[in-house]
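S.K.: Sequence and predicted structure, then a few things I'm wondering about:
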Amino acid sequence: MGKMRTQSVRWRAVAVLASALLVGGVAACGNSDTGGGGSKDDGKITMGFSQVGAESGWRTANTTSIKESATAAGIELKFDDAQQKQENQIKAIRNYIQQKVDVIAFSPVVESGWDTVLKEAKDAGIPVILTDRSVDSADKTLYKTFLGSDFVKEGRLAGEWLVEQKKTASGPVNIVELQGNTGAAPANDRKKGFGEAIAANPNLKIIASQPGDFTRAGGKQVMEQFLKANPKIDVLFAHNDDMGLGALEAITAAGKVPGKDITIITVDAVKDGMQALADGKFNFIAECSPLLGPQLMDLAKKVHAGETVPARIETEETTFTQEQAKEALPNRKY
Ligand code: AHR
């Protein structure tokens, strides 16, 4: 009898433990569902964001800015990294349309080829915001606004600085150019702005220009080829800091002193680039700000509410010399 009572007490204890575990398990599942999101009709805005990739320090800072700002603004963010491939971005945008997100935002890896998917978003009644890079679509009703930089101006500021530096040059000044990925708005526009500015001095000549895809590895590899093919290189214009940083390795390995034997001009002004400038390895940087998150979330709320927003919103940017970089570095956020 005593033995039977002990057994039944044991079974009850097991049953209580099992149901406690079950409740705990359900609660845990419930929590992860809430955290996982999905388009719910709870008044919260859901944004689908397609990012170019993770090719540079600029891009990493941009992604952080977008994720942090979405959280701060109470916007549910669905984020996709396209690994620098347009087809991945089109796929991500189509997924966001299927999921019926409230707003789609993206930074187009290249300028062309977006009309069909943008039309699909428009037909589904989902507003699209372009951020960082724009598209060349003739139909401007396919997106609500563009938020980002004036890339032509960045190239022009870089070129104007060089024109000033080389105004007393009596012979040819040989320039090599590391472009961003082929077809990207910042690659096209920075090339244009720089080319227009240096046209002011016929001594300034671009002797080689190749894409380095905005990456350090690309910058290093293409600079190695430039150095092999061209015995006299006076200036490097790199479309971003990362390619310039990669090129530094190639230049040093070739026995040349960056910043002295070869004048180096870049775009972005991320921390590593600013450090190279302060250290005298770079000579000039035109800034391009990646901190677009807060303005993007603000625009998302406005377009979701049906408010009219400006067709184009440009970021305020500056330029840095070596002395200015030394001053700015301690407070640089990215
Ligand atoms: O579109 C902005 C550019 O993309 C940045 O200048 C570059 O670093 C990035 O990869």
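M.R.: Looks like it arrived, so ask away.
S.K.: CA only for contacts and neighbour counts going forward, please
M.R.: Noted.
S.K.: what's the pLDDT at Gly43?
M.R.: What the model reports as pLDDT for Gly43 is 78.
S.K.: Check the one 4 residues further on too.
M.R.: Per-residue confidence (pLDDT) for Met47: 98.
S.K.: what are the ranges of the helices in the stretch 51-200 of the chain?
M.R.: 57-73, 86-98, 115-123, 151-165, 185-198 (DSSP state H, counting those that start in this stretch).
S.K.: for these, which one sits closest to the ligand?
M.R.: Nearest of the helices of the stretch 51-200 of the chain to the ligand, taken as Cα to the nearest ligand atom: helix 57-73 at 4.7 Å.
S.K.: Next, see if the closest one gets close to the ligand.
M.R.: Yes: part of helix 57-73 sits near the ligand under the criterion Cα under 6 Å from any ligand atom, namely 58-59.
S.K.: Which residue, other than its chain neighbours, is closest to Gly212?
M.R.: Leaving out its chain neighbours, the residue that sits closest to Gly212 by Cα to Cα, 6 or more residues apart in numbering is Gly218, at 4.2 Å.
S.K.: what comes up buried for the helix or strand harbouring the one you found?
M.R.: In the assignment (DSSP states H and E), Gly218 maps to helix 216-229. For helix 216-229, a neighbour-count test (16 or more other Cα atoms under 10 Å) marks 216-224, 226-227 as buried.
S.K.: Got the confidence number for the nearest residue to Asn203 once chain neighbours are set aside?
M.R.: If the residues on either side of it in the chain are set aside, Asn203 comes closest to Pro172, at 4.5 Å by Cα to Cα, 6+ apart. pLDDT, the model's per-residue confidence, is 97 for Pro172.
S.K.: next one: the one 3 residues further on
M.R.: At Ile175 the predicted local distance difference test score is 98.
S.K.: tally of neighbours for it?
M.R.: By the criterion of other Cα atoms under 10 Å, Ile175 has 20 neighbours.
S.K.: remind me which residues of this structure are low pLDDT?
M.R.: 1-42 (pLDDT under 70).
S.K.: Pick out the residue nearest the middle of the protein.
M.R.: Geometric centre of the chain, nearest residue: Arg59, 3.2 Å, by Cα atoms, centre = their mean.
S.K.: can you give me the strands in the stretch 201-334 of the chain?
M.R.: 204-211, 235-238, 263-268, 284-287, 312-314, 319-320 (DSSP state E, counting those that start in this stretch).
S.K.: and what of the stretch 1-150 of the chain?
M.R.: Under DSSP E, counting those that start in this stretch, the stretch 1-150 of the chain gives strands at 46-51, 76-81, 103-106, 128-132, 145-148.
S.K.: Which one of those lies nearest to the ligand?
M.R.: Short answer: strand 128-132, nearest of those by Cα to the nearest ligand atom, at 5.5 Å.
S.K.: With distance to the ligand and mean neighbour count added, can I get the strands of the stretch 1-150 of the chain in TSV?
M.R.: Putting the strands of the stretch 1-150 of the chain into TSV (distance: least, Cα to the nearest ligand atom, whole Å; neighbours: other Cα atoms under 10 Å) gives the following:
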stretch	distance to the ligand	mean neighbour count
strand 46-51	10	25
strand 76-81	13	19
strand 103-106	11	24
strand 128-132	5	24
strand 145-148	9	23
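S.K.: Take those and lay them out in a markdown table including distance to Lys91.
M.R.: Output for the strands of the stretch 1-150 of the chain, formatted as a markdown table (distance: least, Cα to Cα, whole Å):
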| stretch | distance to Lys91 |
| --- | --- |
| strand 46-51 | 10 |
| strand 76-81 | 10 |
| strand 103-106 | 12 |
| strand 128-132 | 15 |
| strand 145-148 | 21 |
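S.K.: right, is the helix holding Gly218 up against the ligand?
M.R.: No: using Cα under 6 Å from any ligand atom, helix 216-229 stays clear of the ligand, coming no nearer than 10.0 Å.
S.K.: what angle do that helix and strand 204-211 make?
M.R.: Here the directions of helix 216-229 and strand 204-211 differ by 130 degrees (axes from the mean of the first three to the mean of the last three Cα atoms, to 10 degrees).
S.K.: who touches helix 216-229?
M.R.: Helix 216-229 has contacts (Cα atoms under 8 Å, 6 or more residues apart in numbering) with 56, 176, 178, 208, 210-213, 233, 242-251, 254.
S.K.: now swap in stretch 311-328 and tell me
M.R.: Under the criterion Cα under 8 Å, 6+ apart, residues 144-150, 157, 269, 274-275, 277-280, 282-289 lie in contact with stretch 311-328.
S.K.: Stretch 253-268 too?
M.R.: The contact list for stretch 253-268 (Cα under 8 Å, 6+ apart) reads 58, 154, 158, 227, 233-241, 244, 248, 251-252, 280-289.
S.K.: And that stretch, end to end?
M.R.: Taking Cα to Cα, to the nearest Å, stretch 253-268 runs 25 Å from one end to the other.
S.K.: Which positions within that stretch qualify as buried?
M.R.: 258-259, 262-268.
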